[in-house]
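> sequence plus predicted model, see below.
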Amino acid sequence: MRKFLTPAIVGMFLTISVCAQTNITVRIDPDNARGGTASQIFDAIRFIPLETNQQSLFGTINQLEVTDSFFIILDIQSRSIILFNRDGRFHTRIKSDGSDKYFNYFSIDRAAQTIIVTNNYANGLLVYDFDGRFIKKIPRPEKIRSLYSLGNNTLIHNLRRSSENKKNHPYDLIYSKQDTSPLLYFNRYDPDVETEEYNIEYNPFNFSGEPGSCMFSLPFNYKVYQLNDTGILRTYNFVFPAQYSLPSNFSTDPVFKGERAKYVYLTQDNKLKKHGISAVYHINDYLLFTAMNGELRTGADLHYLYNLTSGSLISLSKVSGDSASCYFPILSSVFEPIGTTYNNKIYTSTPSFRIFGAKSQTNKPVQYPASIQNYIATGSKDDNPVIVELAPKQHL
């Protein structure tokens, strides 16, 4: 029988973990963000079309992870995790084997070269190797939304929030070892002011950009935690000008209970307000992140590169395509999300229809790399997405 830690022990553990953290204030003014051309912002840009055939075809990249050998992609709609080699060739596919069975999110254990998958049907986490072979099933907490593997068998689980969860540990996070009971509960919330609005569609975890740690963030909040196996490593507190900010009590005042999504998405005057921070990565001297608002249009200010040393800010939606990017759009809309980072490079993706659309609209002479020449000559707008690898310049 699994035993949970007592509140006193949990409180002691949390105090030790929280006291070790570093608080960093990140002041962001979207109106003063600059842009540039692709060649001014990036040292190198590489396009990697993903092989399209009957085995490899998929629709959407809901999650992307990069290793030395593979792109690992979650497509929730096809109930699949698909692995491609780093040159875009198809490697293997992991399926849930049922239209009513699907994968939620996954995390990778780089040392063990395994994929740990949340799902809606197995009553446990599913573990596969990088060749798609099933290894084992391991226990999971109830009502898990997502997870992150820190290595050394250490997992962090994100739980679904519930207004009914008043007795059974109303926390967002649980630390555990594989095959063992929970070790630590973290980030307590008040069930009386919460609703299902916090059970967001995007993954609240992402690789931090620094080995052994991850970022965690929730909607309607400007606080981002960088977590490692001892607790909070850093807390990033984002500050925006008043016209772009939610009310300071937005996540705690019961008056907003059940009204937060309506306030952000359906109230015209609030469309420009930043309602959450996601996809946060530490790359060299930069903090790369997405600051979401109620706009879903192409060209909306969403993705930023913030220099932690100088405080300068680049809006990636203001970075125009040039010969370095084959005049293709780069991180300019909701169609090009920040996928992940690896070895200080940024990885995003763009649908094939965007590539073919951009090609037909430019009248400038373009020297396409060989991979893109072949892709354009033999592919179509219905092909798999194209991975884009970006190496930011230093001292921007």
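Great, that's in hand.

> identify the residue spatially nearest to residue 73, adjacent ones excluded.
residue 82 (4.9 Å; C-beta to C-beta, 6 or more residues apart in numbering). Placement of C-beta: from N, CA and C, glycine included.

> what's downstream of the helix or strand where the one you found lies, the next helix or strand?
Counting by DSSP states H and E, the element that carries residue 82 is strand 80-85. With elements assigned by DSSP H and E, the helix or strand that comes after strand 80-85 is strand 90-95.

> how about residue 278: what's its closest non-neighbour residue?
Spatially, and ignoring its direct neighbours in sequence, residue 278 is nearest to residue 290 (5.0 Å; C-beta to C-beta, 6+ apart).

> any idea how far the residue nearest the centre of the chain lies from residue 112?
Nearest to the mean C-alpha position of the chain, by C-alpha atoms, centre = their mean, lies residue 279 at 4.2 Å. Computed as C-beta to C-beta, to the nearest Å, the residue 279 to residue 112 distance reads 25 Å.

> mind listing the helices for the chain?
Using DSSP state H, the helices of the chain run over 7-19, 38-41, 260-261, 352-361, 370-378.

> who's the closest residue to residue 22 other than its chain neighbours bridged to?
Of all residues not flanking residue 22 in the chain, residue 234 sits nearest, at 4.7 Å (C-beta to C-beta, 6+ apart). Legend: beta-bridge partners of residue 234 under DSSP bridges are residue 22, residue 226.

> what is the burial count for residue 234?
Per other C-beta atoms under 10 Å, the neighbour tally for residue 234 reads 19.

> next one: residue 252
Neighbours of residue 252 using other C-beta under 10 Å come to 14.

> go on, residue 154?
Using other C-beta under 10 Å, residue 154 has 18 other residues around it.

> equivalent analysis for residue 60, please.
14.

> and the one 5 residues further on, by the same measure?
Around residue 65 sit 22 other residues, with neighbours defined as other C-beta under 10 Å.

> now do the same contact list for it.
Contact analysis of residue 65 by C-beta atoms under 8 Å, 6 or more residues apart in numbering lists 71-72, 106, 108, 207, 340.

> circling back: the strand holding residue 82 vs strand 90-95, what angle?
Angle, strand 80-85 to strand 90-95, by axes from the mean of the first three to the mean of the last three C-alpha atoms, to 10 degrees: 170 degrees.

> other residues contacting strand 80-85?
Against strand 80-85 from outside (C-beta under 8 Å, 6+ apart): 50-51, 56, 58, 69-75, 90-96, 103, 106, 115, 117, 128, 130, 132.

> among the residues you listed, which lie within strands?
Using DSSP state E, the members of the contacts of strand 80-85 that fall within strands are 70-75, 90-95, 103, 106, 115, 117, 128.

> just the buried residues of these.
With burial judged by 16 or more other C-beta atoms under 10 Å, the buried subset of the ones in strands among the contacts of strand 80-85 is 70-75, 90-94, 103, 106, 115, 117, 128.

> check the spacing between residue 186 and residue 157 real quick.
10 Å.

> so which of those two has more stuff around it?
More crowded of residue 186 and residue 157, by other C-beta under 10 Å: residue 157, with 23 against 20.

> ok, the more buried one - contacts?
140-141, 144, 146-147, 173-176.

> my guess is the residue nearest to residue 22 meets residue 25, correct?
No - under the criterion of C-beta atoms under 8 Å, residue 234 makes no contact with residue 25, lying 11.4 Å away.

> for the stretch 251-396 of the chain, which spans come out with low pLDDT?
296, 298 (pLDDT under 70).

> where do the strands of it begin and end?
Ranges of strands within the stretch 251-396 of the chain are 276-283, 286-292, 303-307, 313-320, 338-342, 345-350, 386-392, based on DSSP state E, counting those that start in this stretch.

> is it possible to export these to CSV including distance to residue 329?
Shown next, in CSV, are the strands of the stretch 251-396 of the chain (distance: least, C-beta to C-beta, whole Å):
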stretch, distance to residue 329
strand 276-283, 18
strand 286-292, 16
strand 303-307, 12
strand 313-320, 9
strand 338-342, 14
strand 345-350, 7
strand 386-392, 10
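
> nearest to residue 260, out of the ones you listed?
Among the strands of the stretch 251-396 of the chain, the nearest to residue 260 by C-beta to C-beta is strand 276-283 (10.3 Å).

> the closest one: which residues count as buried?
Across strand 276-283, burial judged by 16+ other C-beta under 10 Å covers 276-283.

> could I get the phi/psi values of residue 54?
Per-residue torsions, residue 54: phi -60, psi -30 (degrees, to the nearest 10).

> ok, how many other residues are close to residue 395?
With other C-beta under 10 Å as criterion, residue 395 counts 9.

> list the residues that contact the nearest residue to it once chain neighbours are set aside.
Leaving out its chain neighbours, the residue that sits closest to residue 395 by C-beta to C-beta, 6+ apart is residue 285, at 7.6 Å. Residues near residue 285 by C-beta under 8 Å, 6+ apart: 307-309, 394-395.
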